[in-house]
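A.B. asks: show me the folded form of this:
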Amino acid sequence: MKYIKRAIYDPNLEVVKGFPRDLMQSYKETLTEDDVQKIIEYLKSLNENNPGNMLKYYLELSN
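C.D. replies: Residues are numbered from 1 along each chain as shown. The predicted structure follows:
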(Lines give C-alpha, C1' and ligand atoms only; values in the text may rest on other atoms or scores of the structure.)
Protein backbone atom coordinates (compact mmCIF):
# COMPACT_ATOMS: atom_id res chain seq x y z
CA MET A 1 0.00 0.00 0.00
CA LYS A 2 2.97 2.28 0.51
CA TYR A 3 3.68 2.37 -3.22
CA ILE A 4 0.13 3.43 -4.08
CA LYS A 5 0.05 6.06 -1.35
CA ARG A 6 3.42 7.42 -2.47
CA ALA A 7 2.27 7.49 -6.11
CA ILE A 8 -0.81 9.50 -5.13
CA TYR A 9 0.95 11.92 -2.80
CA ASP A 10 4.29 12.29 -4.64
CA PRO A 11 3.86 11.10 -8.24
CA ASN A 12 7.14 12.64 -9.39
CA LEU A 13 9.23 10.61 -6.96
CA GLU A 14 9.45 7.68 -9.37
CA VAL A 15 9.08 8.59 -13.04
CA VAL A 16 9.62 6.02 -15.78
CA LYS A 17 12.54 6.85 -18.03
CA GLY A 18 11.36 8.67 -21.14
CA PHE A 19 8.41 10.35 -19.42
CA PRO A 20 8.55 13.97 -18.30
CA ARG A 21 8.46 14.94 -14.64
CA ASP A 22 5.56 17.03 -13.35
CA LEU A 23 3.15 15.30 -15.72
CA MET A 24 1.01 14.23 -12.76
CA GLN A 25 -0.07 16.45 -9.90
CA SER A 26 0.15 15.55 -6.23
CA TYR A 27 -3.09 14.89 -4.39
CA LYS A 28 -1.51 15.39 -0.97
CA GLU A 29 -3.51 18.54 -0.30
CA THR A 30 -6.68 17.13 -1.88
CA LEU A 31 -7.09 13.58 -0.56
CA THR A 32 -7.17 12.59 3.09
CA GLU A 33 -5.59 9.42 4.47
CA ASP A 34 -9.10 7.97 4.60
CA ASP A 35 -9.66 8.81 0.92
CA VAL A 36 -6.44 7.05 -0.05
CA GLN A 37 -7.38 4.02 2.04
CA LYS A 38 -10.72 3.84 0.25
CA ILE A 39 -8.94 3.94 -3.11
CA ILE A 40 -6.65 1.12 -2.00
CA GLU A 41 -9.60 -0.95 -0.79
CA TYR A 42 -11.32 -0.38 -4.13
CA LEU A 43 -8.23 -1.56 -6.00
CA LYS A 44 -8.07 -4.64 -3.80
CA SER A 45 -11.70 -5.43 -4.64
CA LEU A 46 -10.87 -5.30 -8.35
CA ASN A 47 -8.16 -7.87 -7.79
CA GLU A 48 -10.56 -10.17 -5.93
CA ASN A 49 -12.86 -10.19 -8.95
CA ASN A 50 -10.05 -10.91 -11.40
CA PRO A 51 -7.20 -12.74 -9.64
CA GLY A 52 -5.13 -13.09 -12.82
CA ASN A 53 -4.56 -9.38 -13.35
CA MET A 54 -1.38 -7.41 -12.64
CA LEU A 55 -2.97 -5.45 -9.81
CA LYS A 56 -2.01 -8.20 -7.35
CA TYR A 57 1.63 -7.67 -8.29
CA TYR A 58 1.45 -3.91 -7.67
CA LEU A 59 -0.43 -4.34 -4.41
CA GLU A 60 2.25 -6.73 -3.19
CA LEU A 61 4.93 -4.19 -4.13
CA SER A 62 3.22 -1.54 -2.10
CA ASN A 63 3.26 -3.47 1.19
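A.B. asks: list the contacts of the residue lying closest to residue 9 once chain neighbours are set aside.
C.D. replies: The shortest distance from residue 9 to any residue other than its chain neighbours is 4.4 Å, reached at residue 28 (Cβ to Cβ, 6 or more residues apart in numbering). C-betas here are computed from N, CA, C, even on glycine. Contacts for residue 28 (Cβ atoms under 8 Å, 6 or more residues apart in numbering) come out as 8, 9, 10.
A.B. asks: and the residue in the chain sticking out farthest from the centre, how far is that from residue 11?
C.D. replies: No residue in the chain sits farther from the centre than residue 18, which is 20.1 Å out by Cα atoms, centre = their mean. Remark: distance between residue 18 and residue 11 (Cβ to Cβ, to the nearest Å) = 16 Å.
A.B. asks: for the helix or strand containing residue 40, packing partners?
C.D. replies: Residue 40 is located in helix 33-49, with elements delineated by DSSP states H and E. Helix 33-49 is packed against helix 2-9, helix 55-61, with contacts defined by 3 or more Cβ pairs under 8 Å, 6 or more residues apart in numbering; DSSP states H and E.
A.B. asks: good, we can wrap up now.
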